[in-house]
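Asks: Mind folding the following:
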Amino acid sequence: EPIGVIALADTPRPEAADEVAYVLEWKRHELAPAAELPAGSWIVVADERGVGRELARLIGDSGGDVRLVSTEDQAETELRAVSASLAGVVHLRALDARAGSGARAFEAALKRGFGGASETVQAMLRSSVRPQSRTLFATQGVYGPGGRPPELEGVAQAAVWGFVRTSAPEHPELNIGVVDLEPGLDPAALARQLWAALRDASGEDQLAFEAGSAYAARLVRAEPEVLSAPARWRADCTYLVTGGLGNLGLLVAEEMVRGGARRLVLSGRTPIPDRREWASLPSDDPLAGKLAAVRGLEHMGASIHVASFDVGDEEQLASFLERFRAEGWPPIRGVVHCAGSLAMKDVSWQAFRQIAGGKAVGAYNLHRALPDLDQMVFFSSIASVLPQSNANYSAANAVLDALAGARTVVGLPTVSLSWGVWSGSGIATDSTVARYVRLLESFGVTGFASAEATSLFRLAAAAPVPHVVLAAVDWATARGRLGDRPGGALYAEL
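Replies: Numbers count the residues shown, from 1 in each chain. Have a look, this model is predicted:
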């Protein structure tokens, strides 16, 4: 064994492991150009690089009327003006959503991408205008079809994909789709890819381009080797578990201790009293049970460091890491990012920001602050790939999946785990989000018992791919709910 690894009995592999693991694949797609575009006006919400202008020229050359605008407010004005003669809407502002340096730039990119997409759909709903063709959103470099690596700069744009996967079947009358354009091309070439996607009559609504070819997204069962070897955690370093004092985080921490970890930092936003006061906490204090679980981990032989900071706040994270290093603790060599919240609210930038702060922005902060790790694991949700009535949550989790892919291709070991429900743990026990769990159940998603989920976590944490979906799904029920609505092609092979 490598130095620092304790040989412990492996957690038994769940019998159904191969039945609950999925990955996202890209299949070569032959475009089927329509004979002609529908008559009427096209509203193009343009980017700043000129792709929108080039697309408007292509539409105009084919006889279409184009309303080129630069903001969502202007788009709403044009929607009301064209009314029933709307041919379609193309939104390109996410192409400018490039992640810069720091959390503020990343959040600004999220607002331009997700915020712009959600505002456009809300404007269409308010105006009661329905496109004769489609509503198409564009990103660039989020995915890597055909062997092309995804781009770190484009990670924030992944929120648009999560948003579309839930909004498309929820509003079938808008015929919403999304296309990921190829990086490194000039505006004219990107416009030609958009033009090809607009004219495609095949019914595919999640496309990506690479080397001039189109690829369609498909969720498929993972190969057995994806969950073949359990993760082993070292005893001579520290592991950070964000959201570590939540029910989910504590279960994860226990499994890591069983797998060899001996030093854990469990972080959360809730202030923790001085250790000398733990024993005097009232039994009905929510913290009492959590701190008792911490003591239980210590009795298993682990050293537990409890820390209070918001991982979504770049300065708080940096301050904690500076103190941690100054105190001379063994270095942090791995992170399990469980932090996050779920708010069942209307789709808006404000509601999305509340969810994305700890989850998506927190993941990006960890990426920047801890570049040299043995392992980073993101706890995402099946909401990033399976539609349900919470586009804010879908979008935030899609960012984690994309960040894991972009980190992996530059040599930073990362996996994003898009979980179904952990029964009796995590957000599933929060009465305010019971509606979310019922929605997943209506799509045929059943919960994992805690013991099964932790066993799957141990296997998936060592997966040789950057994104794994882990959920028990009755696909006959799921396909029945999706029917022929937009977005259903993603599950055509299940």
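
Asks: low-confidence ranges in the protein?
Replies: For the chain, residues meeting the criterion pLDDT under 70 lie at 1-15, 343-345, 389, 424-433, 483.

Asks: show me the contacts for the residue nearest the centre of it.
Replies: In the chain, the residue lying closest to the centroid (Cα atoms, centre = their mean) is residue 398, at 1.8 Å. Contact partners of residue 398, counting by Cβ atoms under 8 Å, 6 or more residues apart in numbering, are 158-159, 161-163, 165, 380, 384. (C-beta placed from N, C-alpha, C; glycine too.)

Asks: Which two among those residues are spaced furthest apart?
Replies: Within the contacts of residue 398, 163 and 380 form the most distant pair, 14.9 Å apart (Cβ to Cβ).

Asks: In terms of neighbours, single out the busier of those two.
Replies: residue 380 (31 against 28; other Cβ atoms under 10 Å).

Asks: So in terms of bridging, what pairs with the more buried one?
Replies: Judged by DSSP bridges, the bridge partners of residue 380 are residue 418.

Asks: Neighbours of residue 27, how many?
Replies: Around residue 27 there are 14 residues (other Cβ under 10 Å).

Asks: Next up, identify which helix or strand it is on.
Replies: Assessed by DSSP states H and E, residue 27 sits inside strand 21-29.

Asks: any idea how far the residue in the chain sticking out farthest from the centre is from residue 126?
Replies: Of all residues in the chain, residue 280 has its C-alpha farthest from the mean position, at 40.4 Å, by Cα atoms, centre = their mean. Distance, residue 280 to residue 126, using Cβ to Cβ, to the nearest Å: 55 Å.

Asks: contacting residues around stretch 24-41?
Replies: Around stretch 24-41, the neighbours that count as contacts under Cβ under 8 Å, 6+ apart are 59, 62-67, 78, 82, 85-88, 132-133, 143, 145-146, 196-202, 204, 207-208, 213-220, 385, 401, 467, 469.

Asks: Out of those, name the ones that lie in strands.
Replies: Among the contacts of stretch 24-41, the members found in strands (DSSP state E) are 65-67, 86-88, 207-208, 213-220, 467, 469.

Asks: what is the spatially closest residue to residue 182 that is not a sequence neighbour paired to in the beta sheet?
Replies: Nearest residue to residue 182 in three dimensions, chain neighbours excluded: residue 209, at 4.5 Å (Cβ to Cβ, 6 or more residues apart in numbering). Note on residue 209: beta-bridge partners by DSSP bridges are residue 214.

Asks: What residues does residue 209 make contact with?
Replies: Residue 209 neighbours (Cβ under 8 Å, 6+ apart): 145, 179-182, 193, 215.

Asks: try residue 160
Replies: Listed by Cβ under 8 Å, 6+ apart, the contact set of residue 160 reads 94, 113-114, 117, 137, 139, 178, 395.

Asks: Give me the sheet partners of the strand holding residue 27 and which way each runs.
Replies: In the sheet, strand 21-29 lines up against strand 213-221 (antiparallel), strand 467-470 (antiparallel) (DSSP bridges).

Asks: And those: which comes nearest residue 252?
Replies: Among those, strand 467-470 sits nearest to residue 252 (Cβ to Cβ), with 13.3 Å.

Asks: what packs against the following helix or strand past that closest one?
Replies: Sequence-wise, the next helix or strand downstream of strand 467-470 (DSSP H and E) is strand 472-473. Applying 3 or more Cβ pairs under 8 Å, 6 or more residues apart in numbering; DSSP states H and E, we find strand 472-473 packed against strand 445-446.

Asks: How about the secondary structure of the spatially closest residue to residue 233 that is not a sequence neighbour?
Replies: Using Cβ to Cβ, 6+ apart and skipping the chain neighbours, the partner closest in space to residue 233 is residue 261 (3.7 Å). Here residue 261 is recorded as coil under DSSP: H, G, I helix; E, B strand; the rest coil.

Asks: got the contact list for residue 261?
Replies: So residue 261 contacts 233-235, 239, 302 (Cβ under 8 Å, 6+ apart).

Asks: In PyMOL, how would I select the buried members of the residues you listed?
Replies: Listed next is the PyMOL selection for buried residues among these, using 16 or more other Cβ atoms under 10 Å:
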select buried, resi 233+234+235+239+302
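
Asks: of all the contacts of residue 261, which two lie farthest apart?
Replies: Among the contacts of residue 261, 234 and 302 lie farthest apart (Cβ to Cβ), at 12.5 Å.

Asks: So which bits of stretch 197-208 are buried?
Replies: Of the residues in stretch 197-208, those buried (16+ other Cβ under 10 Å) are 197-200, 204-208.

Asks: can I get the CA coordinates of it in PDB?
Replies: Provided in PDB are the C-alpha atoms of stretch 197-208 (Å, rounded to 0.1, in the frame of the first residue of the first chain):
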ATOM      1  CA  ALA A 197     -29.000  23.900 -35.900                       C
ATOM      2  CA  LEU A 198     -31.900  26.200 -36.600                       C
ATOM      3  CA  ARG A 199     -32.700  24.500 -39.900                       C
ATOM      4  CA  ASP A 200     -32.400  21.000 -38.500                       C
ATOM      5  CA  ALA A 201     -35.800  19.200 -38.700                       C
ATOM      6  CA  SER A 202     -34.700  16.000 -37.000                       C
ATOM      7  CA  GLY A 203     -36.200  16.900 -33.600                       C
ATOM      8  CA  GLU A 204     -32.900  16.900 -31.700                       C
ATOM      9  CA  ASP A 205     -32.800  19.700 -29.200                       C
ATOM     10  CA  GLN A 206     -29.500  19.200 -27.400                       C
ATOM     11  CA  LEU A 207     -26.600  19.500 -29.900                       C
ATOM     12  CA  ALA A 208     -22.900  20.200 -29.900                       C
END
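
Asks: which residues are contacting that stretch?
Replies: Residues contacting stretch 197-208 (Cβ under 8 Å, 6+ apart): 26, 29-34, 37, 88, 90, 133-134, 136, 142-143, 145, 161, 164-165, 168, 175-180, 214-217, 486-487, 489-490.

Asks: Give me the buried entries from those residues.
Replies: 26, 29, 37, 88, 90, 133-134, 136, 142-143, 145, 161, 164-165, 168, 175-180, 214-217, 486-487, 489-490.

Asks: for residue 461, what are its contacts?
Replies: Residue 461 neighbours (Cβ under 8 Å, 6+ apart): 231, 336, 375, 377, 415, 417.
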